[in-house]
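S.K.: here is a sequence together with a model predicted from it:
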Amino acid sequence: MEYKFATKAIHAGQKSDPTTGAVMTPIYQTSTYQQAAPGDHKGYEYSRGTNPTRKALEDCLAALENGKHALAFASGMAATETVLKLLRPGDEVITGDDLYGGSYRIFTKVFAHYGIKFHFVNTSEPAAVQEKINANTRLIWVETPTNPTLKLADIEAIGRIAKTAGVLFAVDNTFASPYLQNPLDLGADIVMHSVTKYIGGHSDVVMGALVMNDKALYDDLFFYYNACGGTPGPQDAFLVLRGIKTLHLRMKAHCENGRQVAEFLRKHPRIEQVYWPGFEDHPGHAVAKKQMRDFGGMVSVVLKDASLAETFRIAGSFKVFTLAESLGGVESLINHPATMTHGSIPKEARERVGVVDSLIRISVGVEDITDLLADLEQALA
């Protein structure tokens with residue numbers, strides 16, 4: 001029987017403990033496992049490679065993305081670099097020009113030194129992706145919606161390009177979460193999540209994940225996963241399993257509050273521009289409507305005629321929103337990308353795609369919307 005999302009979020013990968021009947025997955029706080037004879041074990045040898053708590057989480061993540069296999073990592077960047085380890089010197093990657101700063105940094109400051117070439121293009125235009133395809137292309141890496149200007153990439157269209165070219169296609173699905181978008185269903189080979197964000201949902205865990213359908217691809221990724229050891233502990237896996245159980249409830253509240261915050265800010269005289277894909281005149285609205293179930297809780301704004309000092313003053317004036325990096329938790333966060341999450345991207349490259357000094361990124365939480373709007377009003381005043 002194929003269960004719906006909420007049922008999978010609560011039950012997928014998780015069974016009552018056979019020893020005690022415990023309903024919640026135990027925290028298997030162990031580094032190693034007894035073997036009946038050398039090589040004769042119950043599927044677990046050493047916790048760097050596999051752990052029962054982590055396996056329950058991975059099975060749940062796979063189910064939520066309609067995938068067959070998943071791997072959980074100690075961070076989103078550990079997941080990202082494991083995909084990049086599939087590449088070899090001379091290989092080329094096509095990725096977005098509006099990209100999370102950590103991804104840009106690992107592409108340009110780490111893997112570029114190993115002879116891998118990266119092309120940064122406007123992934124909201126499939127033709128821009130197609131134009132860079134050549135005999136050396138091995139991977140297309142896309143965020144949608146993008147961080148922080150919320151551009152949309154047509155996953156189906158880029159998936160067709162990737163399939164025709166015979167290259168891997170990975171989608172960073174962090175901003176949407178599996179509740180709003182399932183890239184594997186649309187043609188992606190790999191889905192990456194910063195589990196730290198909406199999936200964990202409570203700002204108490206740092207974790208990443210990869211989900212895929214192809215067993216050979218899973219085996220290749222598992223080799224690096226186990227060999228290089230960027231795996232999370234069972235306590236973190238337990239916390240994320242607990243967080244996932246309310247993912248569908250939280251995402252509904254994030255989307256509802258996000259819509260009201262975006263509409264409020266669009267009418268505010270201190271705001272020059274609001275980035276939110278739910279607006280019908282957003283350039284990616286049609287794509288968002290086609291491949292997402294709602295428009296999410298991320299909103300970015302450009303302050304009108306605001307200097308860097310004035311932007312800092314406003315960013316530090318909130319009482320309910322917290323000035324901090326990250327996103328996707330139950331609490332609302334304010335972020336200044338140019339100096340925080342995207343500070344590793346050169347100023348010229350940032351500003352070329354709209355990440356200007358007066359841009360603020362808002363992760364709209366699940367607090368009472370009246371309090372959130374009042375806090376926005378007082379801070380902007």
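M.R.: Structure's in. What do you need?
S.K.: using the three-state scheme, assign the nearest residue to Gly13 once chain neighbours are set aside.
M.R.: Distances taken as Cβ to Cβ, 6 or more residues apart in numbering place Asp59 nearest to Gly13, at 2.9 Å, with adjacent residues excluded. All C-beta atoms are positioned from the backbone trio N, CA, C, and that covers glycine. Recorded secondary structure, Asp59: helix (DSSP: H, G, I helix; E, B strand; the rest coil).
S.K.: burial count for Asp59?
M.R.: By other Cβ atoms under 10 Å, the residues close to Asp59 number 17.
S.K.: mind listing what the residue nearest the centre of the chain touches?
M.R.: When Cα atoms, centre = their mean is applied to the chain, the residue found nearest the centroid is Thr174 (1.7 Å). Thr174 sits next to 76, 100, 143, 147, 192-194, 197-198, 328 when contact means Cβ atoms under 8 Å, 6 or more residues apart in numbering.
S.K.: try Tyr275
M.R.: Contacts of Tyr275 by Cβ under 8 Å, 6+ apart are 148-150, 282, 299-301, 354.
S.K.: any idea what it is bridged to?
M.R.: Tyr275 forms beta bridges with Ser300, as assigned by DSSP bridges.
S.K.: how near is it to Ser332?
M.R.: In this view, Tyr275 and Ser332 are 17 Å apart by Cβ to Cβ, to the nearest Å.
S.K.: what's next to the lowest-mean-pLDDT helix or strand in the chain, contact-wise?
M.R.: In the chain, no helix or strand scores lower on mean pLDDT, DSSP states H and E than helix 347-352, which sits at a mean of 90. Contact with helix 347-352 is made by 97, 104, 120, 337-338, 342, 356, as judged by Cβ under 8 Å, 6+ apart.
S.K.: quick one: least confident of the residues you listed?
M.R.: By pLDDT, His342 ranks lowest within the contacts of helix 347-352, coming in at 90.
S.K.: mind telling me what element that one is part of?
M.R.: Using DSSP states H and E, His342 sits within no helix or strand.
S.K.: so who does the closest residue in space to it that isn't next to it in sequence touch?
M.R.: Among residues not flanking His342 along the chain, Gly101 sits closest, at 3.8 Å (Cβ to Cβ, 6+ apart). Contacts of Gly101 were listed using Cβ under 8 Å, 6+ apart, and they are 337, 341-345.
S.K.: would you map out the domains in the chain?
M.R.: Taking automatic domain parsing as the reference, the chain has its domains at 5-244, 247-380.
S.K.: doesn't Tyr224 belong to a helix?
M.R.: Yes: assessed by three-state DSSP, Tyr224 belongs to a helix.
S.K.: what about it, how many neighbours?
M.R.: Tyr224: 17 neighbours (other Cβ under 10 Å).
S.K.: identify the residues contacting it.
M.R.: 82, 85-86.
S.K.: just the residues you listed now: which is nearest Leu180?
M.R.: Thr82 (24.4 Å; Cβ to Cβ).
S.K.: nearest residue to that closest one other than its sequence neighbours?
M.R.: With sequence-adjacent residues excluded and distances taken as Cβ to Cβ, 6+ apart, Thr82 is closest to Tyr224, at 4.9 Å.
S.K.: what about that neighbour, distance to Asp59?
M.R.: Between Tyr224 and Asp59 the distance is 20 Å, computed by Cβ to Cβ.
S.K.: sorry, back to before: ok, and the most crowded of the contacts of Thr174?
M.R.: Sorting the contacts of Thr174 by how many neighbours each has (other Cβ under 10 Å) puts His193 first, at 31 neighbours.
S.K.: so where's this protein shaky on pLDDT?
M.R.: Scanning the chain for pLDDT under 70 picks out no residues.
S.K.: kindly recompute the last result at 90.
M.R.: 1-2, 15, 17-19, 36, 39-40, 42-46, 341, 343-345, 349, 353 (pLDDT under 90).
S.K.: list the helices and strands the secondary structure element (helix or strand) that Leu265 belongs to packs on?
M.R.: For Leu265, the host element (DSSP H and E) is helix 247-266. Applying 3 or more Cβ pairs under 8 Å, 6 or more residues apart in numbering; DSSP states H and E, we find helix 247-266 packed against helix 5-11, helix 177-180, strand 271-275, strand 298-303, helix 369-380.
S.K.: now that helix against helix 369-380, angle please.
M.R.: Relative orientation of helix 247-266 and helix 369-380, computed by axes from the mean of the first three to the mean of the last three Cα atoms, to 10 degrees: 40 degrees.
S.K.: report the buried residues of helix 247-266.
M.R.: 247-248, 250-251, 253-255, 257-259, 261-262, 264-265 (16 or more other Cβ atoms under 10 Å).
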